[in-house]
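**Student:** Requesting a structural model of the entry that follows:
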Amino acid sequence: QVQLVESGGGLVQHGGSLRLSCAIPGNRFSIKDMGWHRQATGNEREVVATITRDGATKYADSVKGRFTISRDNEEWITLQMNNLESEGSAVYYCNTRYGAGCLLSSWGQGTQVTVSS
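**Tutor:** Modelled structure (predicted):
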């Protein structure tokens, strides 16, 4: 089982910026991709941004141009969130898919992001 350690998050004013980080300390598995998902109260969890081991990125339409996902190394990613809107208030979860052949998935514990108006 891959363990994910998240950091960042907190309270930010509308239009402000935050950075989230996610690491996999002591990883022994082959990572296929990592990413961030979020879940606002009363909503389903949705994908925000993902990055593959080759560096290919994907973003939700709602965050394109404002959020940037990057990878410092194979087991450390950051999500830079700029111009945050009220819709950005949610619990953000780091996710990774890993393994060879049949992929497995692991989730972080989640970090709260609150955008004040």
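
**Student:** which residues does Q13 bridge with?
**Tutor:** In this entry, Q13 is beta-bridged to S116, by DSSP bridges.

**Student:** tell me the contacts of the closest residue to I24 other than its chain neighbours?
**Tutor:** Leaving aside its chain neighbours, I24 sits nearest to E75 (4.0 Å; criterion: C-beta to C-beta, 6 or more residues apart in numbering). Yep, even glycine has a C-beta here, placed from its N, CA and C like the rest. When contacts are counted by C-beta atoms under 8 Å, 6 or more residues apart in numbering, E75 is found next to 23-25, 27, 31.

**Student:** Mind doing that once more with 10 Å?
**Tutor:** 2, 4-5, 22-27, 29, 31, 34, 96, 98 (C-beta atoms under 10 Å, 6 or more residues apart in numbering).

**Student:** Would you mind checking those residues for buried ones?
**Tutor:** Those of the contacts of E75 that meet the buried threshold are 2, 4, 22-24, 27, 29, 31, 34, 96, 98, by 16 or more other C-beta atoms under 10 Å.

**Student:** want to try CSV for the residues you listed, with pLDDT as columns?
**Tutor:** Conversion of those to CSV gives the following (pLDDT from 0 to 100):
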residue, pLDDT
V2, 88
L4, 94
C22, 97
A23, 94
I24, 91
N27, 83
F29, 85
I31, 89
M34, 95
T96, 95
Y98, 92
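
**Student:** between these, which is closest to S106?
**Tutor:** V2 (4.2 Å; C-beta to C-beta).

**Student:** my read: that closest one touches I31, true?
**Tutor:** Yes: here V2 reaches I31: they are 7.9 Å apart, a contact under C-beta atoms under 10 Å.

**Student:** ok, back up a step: farthest-apart pair in the buried ones among the contacts of E75, please.
**Tutor:** Considering C-beta to C-beta, no two members of the buried ones among the contacts of E75 lie farther apart than C22 and F29, which are separated by 15.1 Å.

**Student:** Next one: the residue nearest the centre of the chain from D54, what distance?
**Tutor:** Centroid-nearest residue in the chain: W36, 2.1 Å away (criterion: C-alpha atoms, centre = their mean). W36 sits 18 Å away from D54, going by C-beta to C-beta, to the nearest Å.
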